[in-house]
Structures are given as C-alpha cells and as structure tokens.
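Undergrad: Compute the structure for the input listed below.
(chains A and B)
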Amino acid sequence: MTKKNPSGAKKEPPTTVKGMQDVIGEEYYAYSGFFEKASEVAMYYGFRPIETPILEKEELFTSGVGLDTDIVEKEMYTLKTKGGDHLVMRPEGTAPIMRAYLEHGMQSWSQPVMLYYKGPFFRHENPQKGRSREFQSFGLEILGTQKSIADATIIHTTMIILKEAGLQNLVLNINSVGDKECRPKYVRELVSYYKKHISELCVDCKRRIKENPLRLLDCKNPKCQDIKAGAPSSVTHLCDECRSHFKEVLEYLEALNIPYRINNNLVRGLDYYSRTVFEITEETVETVEEEISEEKKKEGKEEPKEIVATSLALGGGGRYDYLARNLGSKKDIPGIGVGLGVERIFMTQGYKRQDPRIIKHPKVYFIQLGTHAKMRSLNIIEILRNARVPLMQSLAKDSLGSQLASAEKLKIPYAMIFGEKESIDDTVIIRDMNTRSQDTVKIVDLPKFLKTIK
RNA sequence: GUGACCAUGGUGUAAUGGUUAACACGGAGGUUUGUGGAACCUUCGAUCUGGGUUCAAUUCCCAGUGGUCACCCCA
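TA: Okay, here's the model as predicted:
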C-alpha cells in the first residue's frame, strides 16, 4: 500500500471518511428505486416534495431538537465557517422542515401542509449495525394541524411505503407522551417512583432520573426490569384532550386495519415530541440452534427454540406540537412526521429490491471496428439516446473479439456492430448474442428496429 | 465516548520468527483489428500506519487508524 513518489515521500491515496461509504452499481439503483417508489406513494397520498440543505445553522437543532438530547449533545457534525458561523450537517429532517415552513410563510398556504423529503443525514457516532455516520432517510411531515387524522395518515402512508418495499411482518409500536399539561405531572410521578427504588437501579438509570427521566422506561438492564414493570404508565396520566386524541388515532388505525401495539415504554429521544410517538419494526421468527446435550438428543425432548426477534426501528416519528415555538415562532404550528432509515429497511428479511424507472439494464452493446467507424461512433450513440436506448460500449477497445467478449461477460443480449463496411453503407449489424443470428439494419431505421427488441 | 473481535494484491483466500509471501478471480496485452463465451502465453498487483522485542517481524507486544459488533443513544 505504501508507495513512494519520486521525491521519496510516502503518499497514500485518500479514502472515505469513517462511517461513510461510496454507493456503486446495483446498490445505487436500490437506493434510487426505493426513493422513487416511496416518493410516488407519498404523492398519491397528497404529499409534495421538499429538499432542504444539508448544512443548517447550529441553533436550529440546539433549540429545536433540544440541548440535552444525545443527538445534539454528542452526535452532530459541527463546523465553523471562515466567517464565524456555526453550522451543522443535518442530523434529522423535521427541524429543517419546520424551519422552511416558517421561513417561507407556509402558514398562508392551505393547511395542513404535507411534505416528503429524502436524502442523507449525518450523526457522529461509532458505526455499527444499521447505523452509519451518513445514512439515507425518507420522511413525511404534516404541518399545520393537530387533528388525529394527520397522525393516522402519516402512519398509514409509512406502512404502505414499507409494504411496497416488500416488508411483511411489521409491528407498529405506539404510545402517547402527553402534552404540556399532563406530561410534566407524569414525569414528576415517574421520578418520585424511581427515587424510591434508587438503590436498586443500574448506573445509567441513576443518571437518567436527573437527565432524561422518560428514558428510564427503555432501560434494558435486567436489574431494572422489575422496577420498570411497576412504574406508572404515561397513558393513564393523559389529560382529557390527550386521551381522546390518542383514542382517535387508535380508532383510525383500526379502521385502516393497521395492527398496533401500545407500548407504554416507548419514548423518543428528541425533546420536541408530544402526544403520539411511534416506531415501526420488523418482527421475524428465528429458529435458534442451541447446544443440545447428548442425553437430551436421545430423549428427543429438546426442540428447536423459536424466538421472536425484533429488528432495529425501521422508522419512527411522532407529533411535535411545540417545535415551532422552540424555534421562536410566535404561534404554535402543530405537526406530525416520520423518518425512515433506508439502510435498515434494506437489512430486513422481507425487503425486495425496487428498480428505478429511469435506468434499465442496457440491452445493447455497441461495438465499433476501424478508424472511420470509431470516429462516427459517438454520433450513432446519440441516435440511440434520442430513441431512449441505454447501452454499454468500450470505444477504447479495438478488436472485434475482445468487444464481443465484454458484451458476453456483461450478459448483454444484443450487440450492435458498426465497422468500415457498415459505415459506408449507413447500416449497423444487430447481433442476437444468444442465437448468434444477425440482421443488417439501416441507420435511419434503427430507432424503429430497436423498439422491436426492447 | 466505552468495550470486544478483526486487518495479506482491486476481490476472495493461503502461508511463515529466517532466501523470491502462494493460489484463484480480476485488469491490461498477446496467440487472433471482421465475429464472443474455451485454451494457452505475457504482464499488473499485497502483509494498514508508527513504535518496541529480536541477529531476523508480515508473524510476537504496544499505540494509532480503519472494519465488524455491542453499550450509550437512535433512523
């Protein structure tokens, strides 16, 4: 790997940054296929596209997402410009969209405003399964209404997008974290409950009591499970408005035939959430091979264990009725949204690749032979472009044999051969790579002819 | 941020405290600028970086970097 340039100094070619990767070939098509299909679904449900910049001002997230959240505290890519501005690479999609809503006066549009977005997001953390520093996300937002039908629309559209991607055993975990009326009371009660048991808690939970009490509820430490089971649940503490909002959302879900699981331990990491919060996971049944002792094997008692495994959240979201005010809006702008992790969707068992419409696999391999023909090659390719025929070629190669070999290796069904003779006659040879039969076609007739083989 | 495991050509693998690091695939070229999938030949190309132990390190040790996974947290 170590190369020395003539001056003798060591020089390594640059590589990608930790936790970021190049997307090449088939993988690229998988991404664009997914985004294309998801966008289409979103459009059918009334969402319109928006693209916000990757760089935003730091305060958008410190005041929007919350200073004490992990995302802001330790996972943001921050940078200082030459002019002294503090910018960050967007770690999530909702705050930028609220920013855009306020900045462009979308209050004056007909409400609610329904938007979808897609693209890369950045979090500076140690990479691991389903978690890259740069990741691709697709999101939906409905701003300007607090009606429960909006919550249901977001969830429903999300489920359709995931089903279109082939996923089947989806589980919707849903909860309500209340609003500014009932949440503080609930949190107080939760804290006082946990304080009574403080000596039995794990280190993390002791810290959580002070810093982020709602997080106590998703502690996975076995030590804390009993205490957690006895903890007061947020749903029973909801005020009347929140309770009926939650109830309506659930009724819509039932009407839409979306199975859900109320999960009182579901809380989410961002400060701006209120009322509805949800996460979607894929549930898979796995057979676990356990080490079976010899005697048990003989007795035949031991059967393979089936465990229900839940994947990482493929997406999650919730209502953010206070986000706008946190950002300095004089008026409340209620909203609800979801973000989907594309890489996580790709990792699921059910996922089926979606091909983008724009690029089909080329059916034609262009082969040229001889100086004059090579010179005219790019013009012939332009004719194909006008006829919307994608192709592969290797203009850099000279011999007919090696060009045919490339076409063969790439499994392209037709070769188009253009040599000196054809150049003079204004024709090309179309060779069927499977049957090896050839047709001579006049260049003027090419577009028409190519339609017959598409 | 913490911890575990890992690191050999472009890819996948092999080997070793001691001469020239092996094999397959791949790339380029040729036998063969007018008809391919084969064969043969030539060629390209690696021990992540830095330090230490040693007569000798790709091999052992330490650190760094990167990968994978887990925790924290999250999409």
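
Undergrad: Now the residue of the stretch 201-350 of chain A found nearest RNA strand B: closest residue in space that isn't a chain neighbour?
TA: Among the residues of the stretch 201-350 of chain A, A:Gly269 lies closest to RNA strand B, at 1.0 Å counting by CB to the nearest atom of the strand. To be clear about C-beta, it is placed using only N, CA and C from the backbone, and glycine gets the same treatment. Counting by CB to CB, 6 or more residues apart in numbering, A:Gly269 lies nearest to A:Thr69, which is 5.5 Å off, once chain neighbours are set aside.

Undergrad: What separation do you get for the residue of the stretch 201-350 of chain A closest to RNA strand B and A:Gly66?
TA: 9 Å (CB to CB, to the nearest Å).

Undergrad: now A:Gly317
TA: Using CB to CB, we find A:Gly317 at a distance of 16 Å from A:Gly66.

Undergrad: Between these two, which has more neighbouring residues?
TA: A:Gly317 (28 against 21; other CB atoms under 10 Å).

Undergrad: neighbours around the nearest residue to that one once chain neighbours are set aside, how many?
TA: Counting by CB to CB, 6+ apart, A:Gly317 lies nearest to A:Val338, which is 3.4 Å off, once chain neighbours are set aside. A:Val338 is flanked by 26 other residues according to other CB under 10 Å.

Undergrad: Check which residues of stretch A:72-83 are buried.
TA: Under the neighbour-count criterion of 16 or more other CB atoms under 10 Å, stretch A:72-83 has A:72, A:76-77 buried.

Undergrad: same deal with stretch A:175-191?
TA: By neighbour count on 16+ other CB under 10 Å, the buried set for stretch A:175-191 is A:175-179, A:182-183, A:186-187, A:190.

Undergrad: List just the nearest of those residues to RNA strand B.
TA: A:Val177 (12.1 Å).

Undergrad: What confidence value was assigned to the closest one?
TA: Here, the pLDDT recorded for A:Val177 equals 91.

Undergrad: Any part of stretch A:165-179 near RNA strand B?
TA: No - legend: contact between stretch A:165-179 and RNA strand B by CB under 7 Å from any atom of the strand is lacking; minimum distance shown is 10.9 Å.

Undergrad: Close to RNA strand B: what parts of the stretch 301-450 of chain A are there?
TA: In this structure, the stretch 301-450 of chain A approaches RNA strand B at residues A:312-316, A:339-341, A:343-344, A:369-370, A:396-402, A:404-405, A:407-409, A:417, A:419-422, A:429, A:431, A:433-434, A:436, A:438, judged by CB under 7 Å from any atom of the strand.

Undergrad: Just the buried ones out of those, please.
TA: Buried members of those, counted by 16+ other CB under 10 Å: A:313-316, A:339-341, A:343-344, A:369, A:404, A:407, A:417, A:419, A:422, A:429, A:431, A:433.

Undergrad: Sitting in helices, which of the residues you listed do you find?
TA: Assignment to helices by DSSP state H places the following of these there: A:343-344, A:404, A:407, A:422.

Undergrad: about what we covered before: neighbours around the residue nearest to A:Gly269, how many?
TA: Around A:Thr69 there are 20 residues (other CB under 10 Å).

Undergrad: Might one say that it is in contact with A:Asp271?
TA: Yes - between A:Thr69 and A:Asp271 there is a contact under CB atoms under 8 Å: 5.9 Å.

Undergrad: okay, and for chain A, where does confidence drop off?
TA: A:1-11, A:285-310, A:358-360, A:454 (pLDDT under 70).

Undergrad: which helices and strands does the longest strand belonging to it pack with?
TA: Ranked by residue count and defined by DSSP state E, the top strand of chain A is strand A:274-288. Using 3 or more CB pairs under 8 Å, 6 or more residues apart in numbering; DSSP states H and E as the contact criterion, the secondary-structure elements in contact with strand A:274-288 are helix A:148-164, strand A:170-176, helix A:240-255, strand A:305-310, strand A:315-319.

Undergrad: Sitting in helices, which of the buried residues of stretch A:175-191 do you find?
TA: Using DSSP H, the members of the buried residues of stretch A:175-191 that fall within helices are A:182-183, A:186-187, A:190.

Undergrad: can you tell me which residues contact the residue nearest to the spatial centre of chain A?
TA: Centroid-nearest residue in chain A: A:Val342, 2.5 Å away (criterion: CA atoms, centre = their mean). Neighbouring residues of A:Val342 by CB atoms under 8 Å, 6 or more residues apart in numbering: A:31, A:34-35, A:135-138.

Undergrad: Which single one of those residues is nearest to RNA strand B?
TA: For these, the nearest to RNA strand B is A:Phe135 (3.5 Å; CB to the nearest atom of the strand).

Undergrad: Distance check, the closest one against A:His372.
TA: Taking CB to CB as the criterion, A:Phe135 is separated from A:His372 by 51 Å.

Undergrad: Please identify which of those two sits among more neighbours.
TA: When A:Phe135 and A:His372 are compared on other CB under 10 Å, the one with more neighbours turns out to be A:Phe135, at 18 against 14.

Undergrad: tilt between the longest helix seen in chain A and helix A:148-164?
TA: Ranked by residue count under DSSP H, the longest helix found in chain A is helix A:26-44. Direction vectors for helix A:26-44 and helix A:148-164, defined by axes from the mean of the first three to the mean of the last three CA atoms, to 10 degrees, enclose an angle of 150 degrees.

Undergrad: Helix A:26-44 near RNA strand B anywhere?
TA: No - counting by CB under 7 Å from any atom of the strand, RNA strand B has no neighbours in helix A:26-44; the shortest distance is 13.1 Å.

Undergrad: Mind listing residues that contact the next helix or strand after that helix?
TA: Sequence-wise, the next helix or strand beyond helix A:26-44 is strand A:48-49, with elements assigned using DSSP states H and E. Contacts made with strand A:48-49 from outside it, assessed by CB under 8 Å, 6+ apart, are listed as A:39, A:114-117.

Undergrad: nearest residue to the closest residue to RNA strand B within the stretch 351-454 of chain A other than its sequence neighbours?
TA: Sorted by distance to RNA strand B under CB to the nearest atom of the strand, the residues of the stretch 351-454 of chain A start with A:Gly419, at 2.8 Å. Spatial nearest neighbour of A:Gly419, excluding adjacent residues (CB to CB, 6+ apart): A:Leu369 at 3.5 Å.

Undergrad: Now for A:Asp204, how many residues are close by?
TA: Using other CB under 10 Å as the criterion, the residues surrounding A:Asp204 number 14.

Undergrad: swap in A:Gln107?
TA: A total of 15 residues lie near A:Gln107 under the criterion other CB under 10 Å.

Undergrad: just A:Lys18 next, same as before
TA: Using other CB under 10 Å, A:Lys18 has 10 other residues around it.

Undergrad: How about A:Phe346?
TA: Under the neighbour criterion other CB under 10 Å, A:Phe346 is assigned a count of 17.
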